[in-house]
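**Student:** Prediction below, plus the sequence it came from.
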Amino acid sequence: MEAEWCDSIEAVVFSGRREGSFYVSIYAKNFRKVLGFTPYPGTLNARITRRDHVDRYVECLARAKQVRVEPPRIPGARLGGVIVYRSMIMGVDAWIVRPDITHYKNDVVEFIAPVYLRKRLNLEDGSKITFRLALRV
């Protein structure tokens, strides 16, 4: 079955809190088990700057198929699960990650992929991207 997609959403790339590589690395086995690939160790962060696009994003999340990735079991660590959504960034397959524990609001989107998205898409801070969410996978 072919995926059905939400309308395109625009966002601007920015450097995050520099924690993505740590968390993606410790969740890597769980991502591989659930998604079938080991992600590049880091996230691509983008901020949705238009209010109507933030609203569209929230609406798309509510309609999109979500997949839950459980946290790894690390003694003494307080880790939450992650909800992931299949997405497409300018023609490249990726997954949006929405951790149970986060510092970000709905205007920030974190992406993972099996490739280094900044390099693949030639992105830097301030680059504009468009992305879509899969409503069915």
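**Tutor:** Looks like it arrived, so ask away. Computed from a prediction, not measured in an experiment: that's the story for all the values here.

**Student:** From here on, just use CA atoms for contacts and neighbour counts.
**Tutor:** Noted.

**Student:** Now the element after the helix or strand of the chain with the lowest mean pLDDT, going C-ward?
**Tutor:** Lowest by mean pLDDT, DSSP states H and E among the helices and strands of the chain is helix 20-35, with a mean of 83. Next in sequence after helix 20-35, counting helices and strands by DSSP states H and E, comes strand 44-47.

**Student:** Just the CA atoms of that following strand, as CSV, please.
**Tutor:** C-alpha atoms of strand 44-47 as CSV (Å, rounded to 0.1, in the frame of the first residue of the first chain):
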residue,chain,number,x,y,z
LEU,A,44,18.3,17.2,12.2
ASN,A,45,16.4,20.0,14.0
ALA,A,46,14.1,22.4,12.3
ARG,A,47,11.8,25.1,13.6
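
**Student:** Strand partners (parallel or antiparallel) of that strand?
**Tutor:** In the sheet, strand 44-47 lines up against strand 9-14 (antiparallel), strand 108-112 (antiparallel) (DSSP bridges).

**Student:** quick one: buried residues of the shortest one?
**Tutor:** Of the residues in strand 108-112, those with enough neighbours to count as buried (16 or more other C-alpha atoms under 10 Å) are 108-112.

**Student:** beta partners for the residue nearest the centre of the chain?
**Tutor:** With distances taken as C-alpha atoms, centre = their mean, the residue of the chain nearest its centroid is Ile96 (2.1 Å). Legend: beta-bridge partners of Ile96 under DSSP bridges are Tyr85, Phe111.

**Student:** Check Thr130 too.
**Tutor:** Where Thr130 sits in a bridge, its partners, by DSSP bridges, are Glu10.

**Student:** That one: what's it in contact with?
**Tutor:** 8-11, 89-90 (C-alpha atoms under 8 Å, 6 or more residues apart in numbering).
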